[in-house]
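Engineer: all I have is the shape, not the residue letters:
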């Protein structure tokens, strides 16, 4: 997995919708599932959200914890 994508997930915020302004890594799993069913947006945002969905789906949230402490808002 590309480290830059993971850093983006812990530093970028959701630009629209119910969770606008929240760090991507803090978006609830049910919302990611809903987006997955509806279709992720195009571009980098869609890539970040689909990557986060896969991380959550596979129980790998721990890989984001250190990066969030180092780069994100805690």
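Structural biologist: Yep, it's here. Keep in mind that what you see is a predicted model, and the values were worked out from it rather than measured.

Engineer: element containing residue 49, please.
Structural biologist: Following DSSP states H and E, one finds residue 49 within helix 43-57.

Engineer: what are the boundaries of the helices in the chain?
Structural biologist: Secondary structure of the chain (DSSP state H): helices at 3-11, 29-38, 43-57, 62-71.

Engineer: tell me which other helices or strands the last one touches.
Structural biologist: Contacts of helix 62-71 with other secondary structure elements, assessed using 3 or more Cβ pairs under 8 Å, 6 or more residues apart in numbering; DSSP states H and E, are made with helix 3-11. Every C-beta, even on glycine, is put in place using the N, C-alpha and C of the backbone.

Engineer: what's the answer for the first one, then?
Structural biologist: Using 3+ Cβ pairs under 8 Å, 6+ apart as the contact criterion, the secondary-structure elements in contact with helix 3-11 are helix 43-57, helix 62-71.

Engineer: cool, and the second one?
Structural biologist: For helix 29-38, the packing partners by 3+ Cβ pairs under 8 Å, 6+ apart come out as helix 43-57.

Engineer: other residues contacting the helix it packs on?
Structural biologist: Residues outside helix 43-57 that contact it (Cβ atoms under 8 Å, 6 or more residues apart in numbering) are 1, 5-6, 8-9, 12, 15, 24-25, 27, 29, 32-33, 35-36, 40-41, 61, 63-64.

Engineer: most neighbours per residue, which of the helices and strands packed on helix 3-11?
Structural biologist: Most buried of these, by mean neighbour count (mean count of other Cβ atoms under 10 Å): helix 43-57, with a mean of 16.

Engineer: for that helix, the distance to its chain's centre please.
Structural biologist: 6 Å (Cα atoms, centre = their mean, to the nearest Å).

Engineer: quick one, it and helix 29-38 angle?
Structural biologist: With axes from the mean of the first three to the mean of the last three Cα atoms, to 10 degrees defining the directions, helix 43-57 sits at 120 degrees from helix 29-38.

Engineer: now do helix 43-57, average pLDDT.
Structural biologist: For helix 43-57, mean pLDDT is 96.
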